[in-house]
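Colleague: starting from these lines, generate the structure:
(2 chains)
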Number of protein chains: 2
Amino acid sequence: MKFKLALAVFVAAASTAAIAGQAEDQQVKFRQSAYSFAAWNCSKIKSQVVEHPETYNKEQVVAAANSVAAVANSGLGALYGPGTDQATGWKKSRLKPEFFDKPEDAKKAAVAFNKEANELAKVAATGDVGAIKTQFGKVGETCKSCHDSFRIRD
Amino acid sequence: MKFKLALAVFVAAASTAAIAGQAEDQQVKFRQSAYSFAAWNCSKIKSQVVEHPETYNKEQVVAAANSVAAVANSGLGALYGPGTDQATGWKKSRLKPEFFDKPEDAKKAAVAFNKEANELAKVAATGDVGAIKTQFGKVGETCKSCHDSFRIRD
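Modeller: I've put the predicted structure just below:
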């Protein structure tokens, strides 16, 4: 099961983040970059599948879905070391401090994102626009749910 | 040929970037994010394959290589609209203005990155650490070569 594996990576990576020695600011910069790269790719899927289906281009949507899945599979847990809620990457971190008090909830959010993003990559490869739209909606819910729990409102 | 296709996407996307209407600052933010996400993934491969081979973890290196390939396949050309050399994303753009005078060279740099990154993803899947190291070196050369040509020195 791909997402169980990814979970193992998430957990292992989170606990060794400090050992890896990446400065907190660097971790925040990389996670802001990773999610922003995912967001750009989501915006392309949204445009071609939800808003302007007449512009749908299978190769581009497949590439975008693979990119969102790559972010989800990349072991982002390694970028959530202790103290990173107080650090500054491209800008001050928006991570809520309570992230560190709720490891089970954080794990659940990461696993949900991972599961739905990998499913989106699969569905994108079929070229079934209706199915892509539905699955894209599920991915978006995992983003929103994690933000509601763990990202400080702007 | 995967990279010919990606080239077509690169060119088509570059020419419609303005139509897509993404503000220049947004394009710069997304490309800085995309390359930074690639760089983070390269740093993991470097650590596990080049510097500390005793820490090699196949799943993590595969995920990292897939992430670098995803960036290379994501149609970054769409983020190089006119005027973006003067725009500000997370920070002021480091794109050299001559990028826009050398479309053939820019295309070559993008195609080289695409080709070597997709090859790295394939080689990573074999688990042959020596071969991964060699191919990782080739990817690194495509980063460096593009930076030498098109990125302003810090």
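
Colleague: now A:Gly83. Nearest residue, chain neighbours left out?
Modeller: A:Glu24 (5.1 Å; CB to CB, 6 or more residues apart in numbering or on different chains). No exception for glycine: its C-beta is placed from N, CA and C like everyone else's.

Colleague: didn't that neighbour look like it was pressed against A:Leu79?
Modeller: No: applying CB atoms under 8 Å as the test, A:Glu24 and A:Leu79 come out as separate, 9.7 Å apart.

Colleague: and these two? which has more neighbours close in?
Modeller: A:Leu79 (27 against 20; other CB atoms under 10 Å in any protein chain shown).

Colleague: for that one, report the pLDDT, please.
Modeller: Listed pLDDT for A:Leu79 reads 97.

Colleague: distance check, it against B:Ala125.
Modeller: According to CB to CB, to the nearest Å, A:Leu79 and B:Ala125 sit 24 Å apart.

Colleague: one more: A:Asn57?
Modeller: 27 Å.

Colleague: A:Ala110 too?
Modeller: A:Ala110 is 24 Å from B:Ala125, by CB to CB.

Colleague: okay, those two: which has more neighbours?
Modeller: A:Ala110 (24 against 14).

Colleague: now that one: which helix or strand?
Modeller: Here A:Ala110, judged by DSSP states H and E, is contained in helix A:103-126.

Colleague: tell me what that helix is packed against?
Modeller: helix A:2-20, helix A:58-73, helix A:129-150 (3 or more CB pairs under 8 Å, 6 or more residues apart in numbering or on different chains; DSSP states H and E).

Colleague: the last one - what's its average pLDDT?
Modeller: For helix A:129-150, the mean pLDDT works out to 98.

Colleague: could you give the separation of it from the chain centroid?
Modeller: 10 Å (CA atoms, centre = their mean, to the nearest Å).

Colleague: which strands or helices does it pack on?
Modeller: So helix A:129-150, by 3+ CB pairs under 8 Å, 6+ apart, packs with helix A:24-45, helix A:58-73, helix A:103-126.

Colleague: out of those helices, which one sits most buried?
Modeller: Ranked by average neighbour count under the criterion mean count of other CB atoms under 10 Å in any protein chain shown, the helices and strands packed on helix A:129-150 are headed by helix A:58-73 at a mean of 25.

Colleague: tell me the angle of it relative to helix B:58-73?
Modeller: If you take axes from the mean of the first three to the mean of the last three CA atoms, to 10 degrees, helix A:58-73 sits at 140 degrees to helix B:58-73.

Colleague: quick one: helix A:58-73 to chain centroid distance?
Modeller: With CA atoms, centre = their mean, you get 12 Å for helix A:58-73.

Colleague: which residues are contacting it?
Modeller: Helix A:58-73 is contacted from outside by A:2, A:6, A:34-35, A:37-38, A:41-42, A:44-45, A:48-49, A:113-114, A:117-118, A:120-121, A:123-125, A:127, A:132, A:139, B:5-6, B:9, B:13, B:37, B:63, B:66-67, B:69-71, B:73-75, using CB atoms under 8 Å, 6 or more residues apart in numbering or on different chains.

Colleague: having no further points to raise, I will conclude here.
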